[in-house]
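Undergrad: Here is my input, please return the structure:
(2 chains)
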Amino acid sequence: MPVPVLKQGGVLIASIQAALTDRDLLQLEADLAEKVGRFRARGVIIDVTALDVLDSFATRTLRGIAATARLRGATAVVVGIQPYVAMALVQLGLTLEGVATALDLEEGLELLRSSAAARGP
Amino acid sequence: MVEPLPRLPFRVTEFAPSDIERRLEFVNLKPEDHKRIGAVKAEVLDHLDEHVSAFFDHLAQFEEAWGIVGRRDLIEEAKRLKREHLVAMVAGDYGRQYMDQRFRLGQLYSRASLEVSIFMGGFHGLMASIGRRITNRFADDPLTGFEHFTSFKKIAFFDIAIIVDAMMADREQTIRQQQEAIRELSTPTLQMRDRLLILPIIGMLDTRRAKQLTDELLHAIRAHRAKVVVMDVTGVATVDSKVADHLIQTIDAAALMGATVIVTGISAAVAQSLVTLGVDLGRLTTLGDLQGGIEEAERILAVRHGRRSSDAA
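TA: As a prediction, this is how the structure comes out:
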């Protein structure tokens, strides 16, 4: 199931609703990379609240999305990692280095706002 | 080859019929034993009260047994069960129902906080009383008398094992319940103000408690939408490497949920042992005491800047 990407001001929001196959993830990565440029987005939020599993491929793809977004001039934030998912990631040694994380969508937007403010108008 | 020890039964309903047979094999009960026990029936049944008294009079001498002999309701019930016990002992049917009755007797002793050591003394008194009757009957043939008494003793030892198991199972259940109660009390997560949680940890930190703490903390972060958590370990005397690793994993997991954890109050001894253990503390934000931790937390909250996990690493 492909992930819908919504545009809210200068922020793209990808809200993952169900477990994703590796192909869906790659599709999302390509989709976001393209849309960041098309919509001149400054921020990307990936909401994983609905996911109860994040495997090594998923974390690698999230790191990839963050790195791609950075190269295209946007900041990516992963929001909504569930408590047990967070603990599982840490225990499996899967890191999200280089990826900003926030509690939920609201926090993610706040984080993007404040980092944009820090960069200046 | 050594037989694996039978698992300690928690309720008598958990006994399989094969367990009962196995237990009878353990005491080496043979068909001729059944016959001999049948032959001394009268020695037990005709003097029931005498035998029951031998048991309880023995207990009455010790203040440690007042939990049972000092309570009218319990002692009546215990005497009734003991009489029933003796009748069943010579009835020859040692099945599920028989075990169930012995098990209930053991539970009653345990509830009355009767120690195993006193119970054993009382049981010995009871056996002596029965043994005396049997020896009297075979006064002219002591060897046969001894054989009959030995057969009877096999059932007695079978019973003791069940009763002691019941007493221990009851005690274990109490311990389990208390552990449960302690666990529920042990780690409160306090909201100090908006977005700031305080997690005071007091007492022993073992792996199990550390796991529970992780669970509670991560869920509390979500529930209170916390941005900063101050974990105060002033009350923790020792930390082993496993627990330390687990705490660090918890802190990393909290970071994935967008929260910063500040650890405060690491005592000199804990600090030294963590360094000696070589635990990687690079990612830890630590401050001397709770006050310092709260000040730092308020600074982070005031700045309210976005924080990347890469910046923290």
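Undergrad: CA only for contacts and neighbour counts going forward, please
TA: Fine.
Undergrad: Which residue is the nearest non-sequential neighbour of the residue in the stretch 51-200 of chain B that chain A sits nearest to?
TA: As assessed by Cα to the nearest Cα, chain A sits closest to B:R195 within the stretch 51-200 of chain B, at 11.3 Å. Using Cα to Cα, 6 or more residues apart in numbering or on different chains and skipping residues adjacent in sequence, the residue nearest B:R195 is B:A226, 4.0 Å away.
Undergrad: Give me the phi and psi for the closest residue to chain A within the stretch 151-300 of chain B.
TA: Of all residues in the stretch 151-300 of chain B, B:G258 sits closest to chain A, with a separation of 4.0 Å (Cα to the nearest Cα). Geometry field for B:G258 lists phi and psi as phi 80, psi 10, criterion degrees, to the nearest 10.
Undergrad: what's the nearest residue to it if we skip its chain neighbours?
TA: For B:G258, the spatially nearest residue (Cα to Cα, 6+ apart) is A:A102, at 4.0 Å.
Undergrad: same deal with B:K153?
TA: Going by Cα to Cα, 6+ apart, B:K153 has B:M127 as its nearest residue, at 7.9 Å.
Undergrad: can you check B:L217 too?
TA: Setting aside the residues directly before and after it, B:L217 is nearest to B:T189 in space (Cα to Cα, 6+ apart), at 7.0 Å.
Undergrad: Confirm that the residue nearest to B:K153 sits in a helix.
TA: Yes: when DSSP: H, G, I helix; E, B strand; the rest coil is applied, B:M127 is found to be in a helix.
Undergrad: tell me which element the spatially most central residue of chain A is part of?
TA: Ranked by distance to the mean C-alpha position of chain A (Cα atoms, centre = their mean), the top residue is A:I46 at 3.1 Å. Counting by DSSP states H and E, the secondary-structure element that holds A:I46 is strand A:43-47.
Undergrad: Centre of the chain to that strand, how far?
TA: Per Cα atoms, centre = their mean, to the nearest Å, the displacement of strand A:43-47 from the mean C-alpha position of its chain is 4 Å.
Undergrad: A:L32: neighbour count?
TA: For A:L32, the neighbour count with other Cα atoms under 10 Å in any protein chain shown is 23.
Undergrad: and it, what does it touch?
TA: A:5, A:65, A:69 (Cα atoms under 8 Å, 6 or more residues apart in numbering or on different chains).
Undergrad: Equivalent analysis for B:M167, please.
TA: In this structure, B:M167 makes contact with B:106-107, B:109-110, B:116, judged by Cα under 8 Å, 6+ apart.
Undergrad: try 10 Å this time
TA: Contact analysis of B:M167 by Cα atoms under 10 Å, 6 or more residues apart in numbering or on different chains lists B:103-111, B:113-116, B:161, B:173.
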